[in-house]
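**Q** curious how this folds, go ahead:
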Amino acid sequence: MELARRVEADQAMRRAWPARPGDGADEDELARLGAVDEDNTAWLRSVVAKHGWPDSSLVGEAGAHDAWLLAQHADHDPVFQTECLDLLAAAVDSGVASPVDLAYLTDRVRCARGDLQLYGTQFWRGADGLGELQPQPIAEPDRLDERRAAAGLGPFDEYQALMMDMHG
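**A** Here you go, the predicted structure:
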């Protein structure tokens, strides 16, 4: 299926990405990653225009997750990414998409707008990209694990440890 092929290309580029600042992605790698994301976004936009959001009733659970991943990586097109968020939220309300995927895309869109994230899924290395890995600012941190549990996510401390182990 085309969704799976596109996700494989997306993930292959990201697996090759340097894990730490200074490990050096060159300009060609950056351009290739950008081209993959732009191509995937254009393709997803055409699918959404023709068929609506690719939820589990249309493409199965794996396909719906794949569609979310392409939307998650559509950072270069925040208008479309926000449209995807709205469509995904409606699909979750209808029981044909994952609340976990919705939590991740919600945080991604909120962080891009400069808003506080709700689920603690987005990490960064500061505005300059060279600092220590840390979560982007989180709204009401004392209620974070409550929101994460409601979305089907595990405790934040466990997720943060995983992120630090993988990327820190």
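**Q** give me the distance between the longest helix seen in the chain and the centre of its chain.
**A** As assigned by DSSP state H, the longest helix anywhere in the chain is helix 27-51. Taking Cα atoms, centre = their mean, to the nearest Å, one finds the center of helix 27-51 at 14 Å from the center of the full chain.
**Q** would you mind measuring from the spatially most central residue of the chain to M13?
**A** Closest to where the C-alpha atoms of the chain average out (Cα atoms, centre = their mean) is Q72, at 3.2 Å. For Q72, the distance to M13 (Cβ to Cβ, to the nearest Å) stands at 14 Å. Every residue, glycine included, has its C-beta placed from N, CA and C.
**Q** related to what we said a few turns ago, and the longest helix of the chain, what does it pack onto?
**A** Applying 3 or more Cβ pairs under 8 Å, 6 or more residues apart in numbering; DSSP states H and E, we find helix 27-51 packed against helix 2-15, helix 56-72, helix 78-93.
**Q** residues of that helix that come out buried?
**A** Judged by neighbour count using 16 or more other Cβ atoms under 10 Å, the buried positions of helix 27-51 are 33, 36-37, 40-41, 44-45, 47-48.
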